[in-house]
Structures are given as C-alpha cells and as structure tokens.
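> I would like to see how this sequence folds:
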Amino acid sequence: MAVAKVTEITAGSKKSFQDAIDKGIARASKTLKNITGAWVQQESVVCKNGKITEYRVNMKVTFVLKG
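Predicted structure coming up:
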C-alpha cells in the first residue's frame, strides 16, 4: 500500500507560466522524491509600468512516501 503526501509550492518566472511550472517542479525534485504529479492551483502575474514582469504559479505537488 502506498501513502502519498501533498505539499504546496509557489514558483515564478520572467518568461512564462510553463517556465514557472518547470522551475517549480525541478526545484521540488531536489528535496522531494517520488513526485507523481502536480495540480496548478492558481496563476498570477506581477506588473510594473503596465507590463508583466513575472509569471507566478501556486501548485500542489504530490509525492509518494517510502515505506
């Protein structure tokens, strides 16, 4: 029987939402093992002088605990 845990992370990118997701999963993979999926819960942008300066995502990352 497998037991999974979910943790919430926020990641940002100056390029795109997809890049923010990729960076978030890559960083989470350094400390969380056995990542099986992620749910992008929210997307937002930071603006300055009428232009987007950063894309941000809040994700719930699921990983399986070793027994």
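> didn't Asn34 look like it was pressed against Gly67?
No: in this structure, Asn34 is not within contact of Gly67 by Cβ atoms under 8 Å, at 11.0 Å. The way it works is simple: take the backbone N, C-alpha and C, and place the C-beta from them, glycine included.
> what about the helices in this structure?
Ranges of helices in the chain, per DSSP state H, are 17-31.
> buried ones in stretch 51-64?
Burial within stretch 51-64, assessed by neighbour count using 16 or more other Cβ atoms under 10 Å, is assigned to Tyr55, Arg56, Val57, Asn58, Met59, Val61, Thr62, Phe63.
> for Glu8, see how far away the fourth one is.
Computed as Cβ to Cβ, to the nearest Å, the Asn58 to Glu8 distance reads 7 Å.
> what do the two both touch?
Taking Cβ atoms under 8 Å, 6 or more residues apart in numbering as the criterion, Asn58 and Glu8 both touch Gln41.
> quick one, what contacts the residue nearest the centre of the chain?
By Cα atoms, centre = their mean, the mean C-alpha position of the chain lies nearest to Gly24, the distance being 3.9 Å. Gly24 sits next to Ile9, Thr10, Ala11, Ala38, Val57, Met59, Val61 when contact means Cβ under 8 Å, 6+ apart.
> still on that earlier bit, can you lay out the buried residues of stretch 51-64 as JSON lines showing pLDDT?
As requested, the buried residues of stretch 51-64 are exported to JSON lines (pLDDT from 0 to 100):
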{"residue": "Tyr55", "pLDDT": "98"}
{"residue": "Arg56", "pLDDT": "98"}
{"residue": "Val57", "pLDDT": "98"}
{"residue": "Asn58", "pLDDT": "98"}
{"residue": "Met59", "pLDDT": "98"}
{"residue": "Val61", "pLDDT": "98"}
{"residue": "Thr62", "pLDDT": "97"}
{"residue": "Phe63", "pLDDT": "97"}
